[in-house]
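1. I would like to see how this sequence folds:
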Amino acid sequence: MNYLSIFSILKNRFPQTVMIVLLSLTITLTNTGCRSTAQDDSASLGKNVSNSSANKTNQAEPQLTSINIAMSPSQSSAEQKQKRQLLANYLEEQLGLSVNIEIPPDYQTAIDLIAEDKVQMAYLGPLSYVQARQRNFQLEPLVAYIDKRTGRPWYTSVIVANSEKGIKEIADLSGKRVGFVNPSSTSGYLVPVAHLKSNNIDPEQDFAELKYTGSHNKNAAALESGELDAIGINKPTYLKALKSGQLPSEKYQVLWESDPIPNAPIVISKQLPADLKSNLQRALINAPQDLAALSGAKSDGYTLVQDRDYEPIRNLQKILEIETVE
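-> Numbering: from 1, shown residues only. The predicted structure follows:
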């Protein structure tokens, strides 16, 4: 079964390139396991540190007393704030270090913080991780959360529209007010825009208004208030809005849902001490299930991931000619 074929939407426009993306996607995410404590073949956490240390004198490296974490502002609810604090408390207990979580004002700032080594760890969306690593090759994804609905480290993107605005299908979005999360959001921009362009809709030219709200739940709120006619968001946020009555099915409908996307990774610097990396990895893999997903999804813990799992995102970035963040 081809679980991750999100790029098939572009097959008519980029047949040869998309076949490469599909093959990459199938191989990487079919091999991505569920919750596991096994080390993958590229996760020798102390390799780079030990190699560089061999060339140093016996001078001891300074010991970290705290870990600073940046998290993309994909969600801004009180519930997510509480979950972030619970995760910080758990990591402090497991690592014996002070843990400081910073929520930057936008995606770009989160990327900057980890790319410039101003924090030691970051919770980024797939595209944000790819953009950060293009600036700093010392970054690596450590774990990603497992979606409780699927039992896999995947999620999906949806385009939701107000049916009272005469929107019944994707073609009806032309001339409407449409919102996305952020240009560095995977499910709130990259994947839905790919689908729109495959249907000959250019968001920059064909919408009456193109707006970036900054987070998935703000996007849902803008649709509910009538500020927007349609939005692109991750499915967990939509399901939560549907269940709460914020976006009732009688008025709002899902026009399209993507195929699975690799989940948001927790990213660290390869320059962290080997023992800290190992302890951090172990703590996250053994973390309570409800501490794993900080994006609004129901989680079933963390699983190991590696850079090649996000190669399909990197390829889609190239296909859509989305600029590499400098």
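2. Can you pull the poorly scored residue ranges out of the stretch 151-300 of the chain?
-> Segments of the stretch 151-300 of the chain classed as low confidence (criterion: pLDDT under 70) are 292-297.
3. in it, which spans are helices?
-> In the stretch 151-300 of the chain, the segments counted as helices under DSSP state H, counting those that start in this stretch are 191-198, 203-206, 216-225, 235-244, 274-285.
4. out of those, which comes closest to residue 261?
-> Closest to residue 261 of these is helix 191-198 (C-beta to C-beta; 6.1 Å). C-beta coordinates here come from the backbone N, C-alpha and C atoms, glycine included.
5. Show me what that closest one is packed against.
-> Helices and strands touching helix 191-198, by 3 or more C-beta pairs under 8 Å, 6 or more residues apart in numbering; DSSP states H and E, are strand 157-162, strand 230-234, helix 311-319.
6. Enumerate every residue touching the spatially closest residue to residue 181 that is not a sequence neighbour.
-> With sequence-adjacent residues excluded and distances taken as C-beta to C-beta, 6 or more residues apart in numbering, residue 181 is closest to residue 188, at 2.7 Å. Listed by C-beta atoms under 8 Å, 6 or more residues apart in numbering, the contact set of residue 188 reads 74, 157, 180-182, 216, 219, 232-234.
7. what about 10 Å?
-> Counting by C-beta atoms under 10 Å, 6 or more residues apart in numbering, residue 188 touches 74, 107, 125, 127, 157, 179-182, 212-216, 219, 231-234, 237.
8. what's the answer for residue 136, then?
-> Counting by C-beta under 10 Å, 6+ apart, residue 136 makes contact with 111, 114-117, 267, 269-271.
9. Can you turn the buried part of those residues into a ChimeraX selection?
-> To isolate the buried ones among the contacts of residue 136 in ChimeraX, judged by 16 or more other C-beta atoms under 10 Å, type:
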select :111,114,115,267,269,270
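10. So which of the contacts of residue 136 belong to strands?
-> Among these, the members falling in strands (DSSP state E) are 267, 269.
11. Please tabulate the contacts of residue 136 in JSON lines, including the columns distance to residue 141.
-> Listed next are the contacts of residue 136 as JSON lines, based on distance: C-beta to C-beta, whole Å:
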{"residue": "111", "distance to residue 141": "14"}
{"residue": "114", "distance to residue 141": "11"}
{"residue": "115", "distance to residue 141": "14"}
{"residue": "116", "distance to residue 141": "18"}
{"residue": "117", "distance to residue 141": "16"}
{"residue": "267", "distance to residue 141": "6"}
{"residue": "269", "distance to residue 141": "12"}
{"residue": "270", "distance to residue 141": "11"}
{"residue": "271", "distance to residue 141": "15"}
